[in-house]
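Visitor: Structure, please.
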Amino acid sequence: MAFPISNFFVKGAVIGLSIAAPVGPIGVLVIRRTLEQGRRAGLACGLGAAVADSAYGCIAAFGLTAISNFLLARSYWLHLGGGIFLLYLGGRTMLRKVTPQEEQPGAGDLGSAFGSTLLLTLTNPMTILSFVAVFAGFGLAASASFGAAGTLVAGVFVGSALWWLFLTGAVSLLHQRVSERWMRMINRLSGGLIFAFGLYALWSLVE
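Guide: Below you'll find the predicted structure:
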């Protein structure tokens, strides 16, 4: 069954939203960044994940089997790197000093926020299989044309970005109300959660 190009975009947006929305280490990072440094930093963090999701969606949509096979064949080492990175982020977050609320994140901070979630999301190549399964479930014959596949990937990015825009907007309402004492507690809690995600990622490799 052939779908109009606009239909591919809408379905891609739904897929991007559904993949981004579940709470995981990325969500915890975005929430913590937003509370500590404001909406811009949180959104930069979320957009890093959106770009990574779009990259994997692109591989699945365009049927780039050589790249996907290459990444999946090295999934053990990527998971290992991702787990270690989560342990590092979790430990650093728990020990992080609270910055004054009025400080605005600079370009370096925004780049770091974007890059950390981009790298972290890319260490999970199983996302490709998630996209393949979801595309098949929707009955999307993405190989029908490059235009349709490109529109689908654009929709994935927009859907994912809209989720992070909504989440950071909602969390930023609390940004000015969080005291330094509460921020220290949030850092310890979020850092502990991220560290736990890292331990789980490493534990799953030995099961």
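Visitor: Report the helix or strand with the lowest average pLDDT across the protein.
Guide: Lowest on mean pLDDT, DSSP states H and E among the helices and strands of the chain sits helix 65-73, with a mean of 69.
Visitor: how about the helices in this protein?
Guide: Applying DSSP state H to the chain gives helices spanning 5-20, 25-37, 39-61, 65-73, 75-95, 107-122, 126-137, 146-172, 180-206.
Visitor: Format those as a markdown table; extra columns: mean neighbour count.
Guide: All C-beta atoms are positioned from the backbone trio N, CA, C, and that covers glycine. Converted to a markdown table, the helices of the chain look like this (neighbours: other C-beta atoms under 10 Å):
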| stretch | mean neighbour count |
| --- | --- |
| helix 5-20 | 20 |
| helix 25-37 | 24 |
| helix 39-61 | 24 |
| helix 65-73 | 13 |
| helix 75-95 | 17 |
| helix 107-122 | 18 |
| helix 126-137 | 17 |
| helix 146-172 | 21 |
| helix 180-206 | 16 |
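Visitor: Ignoring the adjacent residues along the chain, who's closest to Phe114?
Guide: Among residues not flanking Phe114 along the chain, Gly48 sits closest, at 4.2 Å (C-beta to C-beta, 6 or more residues apart in numbering).
Visitor: Could you do Leu89 as well?
Guide: Nearest one to Leu89, counting by C-beta to C-beta, 6+ apart, is Ile194 at 5.3 Å.
Visitor: ok, now Val51?
Guide: Excluding the flanking residues, the one nearest Val51 by C-beta to C-beta, 6+ apart is Leu118, at 5.8 Å.
Visitor: residue contacts, that neighbour?
Guide: Residues near Leu118 by C-beta atoms under 8 Å, 6 or more residues apart in numbering: Gly48, Ala49, Val51, Ala52.
Visitor: How much space separates the residue nearest to Phe114 from Tyr76?
Guide: 24 Å (C-beta to C-beta, to the nearest Å).
Visitor: pLDDT value on the spatially most central residue of the chain, please?
Guide: In the chain, the centroid-proximal residue (C-alpha atoms, centre = their mean) is Ala49; its distance is 2.9 Å. For Ala49, the pLDDT comes out at 90.
Visitor: Thanks a lot, catch you later.
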